[in-house]
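Peer 1: Give me a model of this one.
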Amino acid sequence: MKNVTIDDVADHAGVSKSTVSAVINDRDVVKTSTRQRVLDSIEQLDYRPRGSARRGFKAPNGQSIGFVIKEADNPYYSEVLVGIQSVTGQHDYLTFVSSSEGDFGMEKQIIEQFSNKDLNGLIITPILNEDTDLSHIFELKRNNIPFVLLEGVQGIRAHLVDIDNVQASSDAVTHLIELGHENIAHLAGPGYSKHSEERIEGVRRAFSRSRLIYRDDVIVEAGDSFEAGYEAARDYFSERGAETTAVTCYNDLVALGAMKALRELDLAVPDDVSVVGFDDLELLDYFPIPLTTVRVPKREMGSRAAELLHQQVQGKAPDTCRRVSLDADLVVRSSTASPH
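Peer 2: Predicted coordinates:
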């Protein structure tokens, strides 16, 4: 005999999964008539909630959310998580974190597992490329599971918290152009990130607004890690980057890896090559050359996403999906200078 799930109860009662969870955990956010309908469905289906979520028993902090990230070793997500927990802690949520490591199949499995664990909602940094099957995210929408995205997904109307990556990337390149650089390259991020695509578009925009001519070979495939930045910069400057005097990078990790490669090639930063990162990670304070970078408000991003998710869980979210665009600012430090 098939085990009855919280999804079955939600379908039977004609409500969302979060409403069923609210009734089970005895939260005072559900109308009396709706609560009774859910209780009737639980009884008729003989549903037995797992763990502490049982009728007549309220866990001290019976709420939890999932945070789905793309790289476990990227400190960017640690700073976002601090922002998330500044809100979830106030509302007695536990936050569970799991990383897809850039693997679409793993992301799908994580989201499906989280959905089956009676979590109240999800905050997701989705994997996106031309081959990505987004059925698992559409399934969240179909089942009325609250979620917030930290990168936009074309074709899915959902709550989103992000920055204008195109403008921020364009600002970084424009800064180099204004310093007098004419040979600029961009170490691009992984193909599974929409942010990578948007930051490449920012490079194109900056070129188009200047007298410089954009060519496809100014984009250098890199990735999102120290190692990716190191290898991409080493290969590029060893083989075809002799005239390049400046690079913008997908993120700070790539920039720091690139700076290591430049140092090994006896190219000084910024005397020979100016370098710009993206994110403004806290760890930059501990590196000898202060990095010019785009400051992303990571903690605010996490807190705004968590607050939007909490509003959904409580049934207080706006009817229309909110798209929160936070400000990102270029922070000029000593890794950039005019070309010699």
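Peer 1: How about exporting the helix-or-strand element of the chain with minimal mean pLDDT as PDB, limited to the C-alpha atoms?
Peer 2: Sorting the helices and strands of the chain by mean pLDDT, DSSP states H and E puts helix 17-24 at the bottom, at a mean of 78. C-alpha atoms of helix 17-24 as PDB (Å, rounded to 0.1, in the frame of the first residue of the first chain):
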ATOM      1  CA  LYS A  17       1.900  22.000   1.000                       C
ATOM      2  CA  SER A  18       3.000  24.800   3.200                       C
ATOM      3  CA  THR A  19      -0.600  25.200   4.500                       C
ATOM      4  CA  VAL A  20      -0.700  21.500   5.400                       C
ATOM      5  CA  SER A  21       2.700  21.900   7.200                       C
ATOM      6  CA  ALA A  22       1.300  25.000   9.100                       C
ATOM      7  CA  VAL A  23      -1.700  22.900  10.300                       C
ATOM      8  CA  ILE A  24       0.500  20.000  11.300                       C
END
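Peer 1: residue contacts, the closest residue to residue 330 other than its chain neighbours?
Peer 2: Among residues not flanking residue 330 along the chain, residue 171 sits closest, at 4.9 Å (C-beta to C-beta, 6 or more residues apart in numbering). (Each C-beta comes from the backbone N, C-alpha and C, glycine too.) Residue 171 makes contacts with 202, 206, 294, 330, as judged by C-beta atoms under 8 Å, 6 or more residues apart in numbering.
Peer 1: Could you tell me the average pLDDT over the stretch of helix or strand the second one belongs to, please?
Peer 2: Counting by DSSP states H and E, the secondary-structure element that holds residue 206 is helix 194-208. Along helix 194-208, the predicted local confidence has a mean pLDDT of 97.
Peer 1: Just give the strands next to the next helix-or-strand element following it in its sheet, each with its orientation.
Peer 2: Sequence-wise, the next helix or strand downstream of helix 194-208 (DSSP H and E) is strand 219-221. Its sheet considered, strand 219-221 pairs with strand 184-188 (parallel) by DSSP bridges.
Peer 1: For residue 15, report the pLDDT, please.
Peer 2: Here the pLDDT value assigned to residue 15 is 87.
Peer 1: Would you mind confirming that it is in contact with residue 39?
Peer 2: No - using C-beta atoms under 8 Å as the test, residue 15 is too far from residue 39 to be in contact (11.4 Å).
Peer 1: And the two? Which one has more around it.
Peer 2: With neighbours defined as other C-beta atoms under 10 Å, residue 15 and residue 39 compare such that residue 15 has more, 20 against 16.
Peer 1: and the more buried one, which of the three is it?
Peer 2: Under the three-state scheme (DSSP: H, G, I helix; E, B strand; the rest coil), the conformation of residue 15 reads as coil.
Peer 1: got the phi/psi numbers for it?
Peer 2: Dihedral pair for residue 15: phi -130, psi 180, per degrees, to the nearest 10.
Peer 1: Extract the C-alpha trace of the helix or strand containing the residue nearest to residue 330 and format it as PDB.
Peer 2: Taking DSSP H and E as the definition, one finds residue 171 inside helix 165-179. In PDB, the C-alpha atoms belonging to helix 165-179 read as follows (Å, rounded to 0.1, in the frame of the first residue of the first chain):
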ATOM      1  CA  ASN A 165      25.100  41.600 -13.400                       C
ATOM      2  CA  VAL A 166      25.200  43.100 -16.800                       C
ATOM      3  CA  GLN A 167      25.500  46.700 -15.500                       C
ATOM      4  CA  ALA A 168      28.000  45.700 -12.800                       C
ATOM      5  CA  SER A 169      30.300  43.900 -15.300                       C
ATOM      6  CA  SER A 170      30.000  46.800 -17.700                       C
ATOM      7  CA  ASP A 171      31.100  49.200 -14.900                       C
ATOM      8  CA  ALA A 172      34.200  47.000 -14.300                       C
ATOM      9  CA  VAL A 173      35.300  47.100 -17.900                       C
ATOM     10  CA  THR A 174      34.500  50.800 -18.300                       C
ATOM     11  CA  HIS A 175      36.700  51.500 -15.300                       C
ATOM     12  CA  LEU A 176      39.600  49.800 -17.200                       C
ATOM     13  CA  ILE A 177      38.800  51.700 -20.400                       C
ATOM     14  CA  GLU A 178      38.800  55.000 -18.600                       C
ATOM     15  CA  LEU A 179      42.200  54.200 -17.200                       C
END
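Peer 1: List the buried residues for it?
Peer 2: For helix 165-179, burial by neighbour count (16 or more other C-beta atoms under 10 Å) applies to 165-177, 179.
Peer 1: likewise stretch 113-132?
Peer 2: Neighbour-count burial for stretch 113-132, with 16+ other C-beta under 10 Å as criterion, is recorded at 114-115, 118-128.
Peer 1: Next: stretch 332-340.
Peer 2: For stretch 332-340, the neighbour count (16+ other C-beta under 10 Å) marks 335-337, 339 as buried.
Peer 1: Brilliant, that's me finished.
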